[in-house]
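K.L.:
sharing a model that was predicted from the sequence below.
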Amino acid sequence: MKKLILIGLILGCLYAYFNLTIFVIPPTEADERYPKGETIIIKRFGILEFIESPDSVCMKSQGGVNWLCRIAILGVVDGNNPEIRVAKHIIRLPYLDFLYLISTGGKDFRPFNLNLSF
């Protein structure tokens, strides 16, 4: 019985690792929906990995982080328009800072640290 539970647990973890994304939205005053940040478990799509944030996706796709890229990624993952939003949400959780830092490789791009020069 213990072996069966262990096998089920391992299979569940493998399924989650390869099919789900933990998407971490850092706190921002620029968007009233995320004043305290948020963590969303979503079905994986596109270039997303297991732990992601808008900033990590921007770094991978553009080589840097800017407000326009952040807004575009948030629209695809958590936008109000169902024609644009691609992500299928599973659960919403509070913001977890350590997951944000994992997603960016330890770099901090939160709004108060972001260089807004264009």
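P.N.:
Cool, the structure landed.
K.L.:
which residues touch stretch 47-57?
P.N.:
17, 20-26, 42, 60-61, 65, 69-70, 73-74, 77, 99-100, 102-105, 107, 109 (Cβ atoms under 8 Å, 6 or more residues apart in numbering). (Glycine included, C-beta is placed from N, CA and C.)
K.L.:
just the terminal-to-terminal distance for stretch 75-87.
P.N.:
Length of stretch 75-87, first residue to last, Cα to Cα, to the nearest Å: 10 Å.
K.L.:
do stretch 27-39 as well
P.N.:
One end of stretch 27-39 to the other measures 10 Å (Cα to Cα).
K.L.:
for the residue nearest the centre of the chain, helix, strand, or coil?
P.N.:
A centroid search over the chain (Cα atoms, centre = their mean) returns residue 23, at 1.9 Å, as the residue closest to the centre. Per DSSP: H, G, I helix; E, B strand; the rest coil, the local secondary structure of residue 23 is strand.
K.L.:
distance of it from residue 12?
P.N.:
As judged by Cβ to Cβ, to the nearest Å, residue 23 and residue 12 stand 20 Å apart.
K.L.:
cool, and residue 102?
P.N.:
21 Å.
K.L.:
same question, residue 72
P.N.:
33 Å.
K.L.:
sketch out the low-pLDDT regions of this structure for me.
P.N.:
29-32, 81-84, 111-118 (pLDDT under 70).
K.L.:
now the angle from the biggest helix by length in the chain to strand 20-25?
P.N.:
For the chain, the longest helix by residue count, based on DSSP state H, is helix 2-19. In terms of direction (axes from the mean of the first three to the mean of the last three Cα atoms, to 10 degrees), helix 2-19 departs from strand 20-25 by 50 degrees.
K.L.:
list the buried residues of helix 2-19.
P.N.:
For helix 2-19, burial by neighbour count (16 or more other Cβ atoms under 10 Å) applies to no residue.
K.L.:
can you count the residues close to residue 44?
P.N.:
Residues lying near residue 44 (other Cβ atoms under 10 Å) number 18.
K.L.:
wait, doesn't residue 24 sit right on residue 37?
P.N.:
Yes: contact criterion Cβ atoms under 8 Å: residue 24 and residue 37 qualify, at 7.4 Å.
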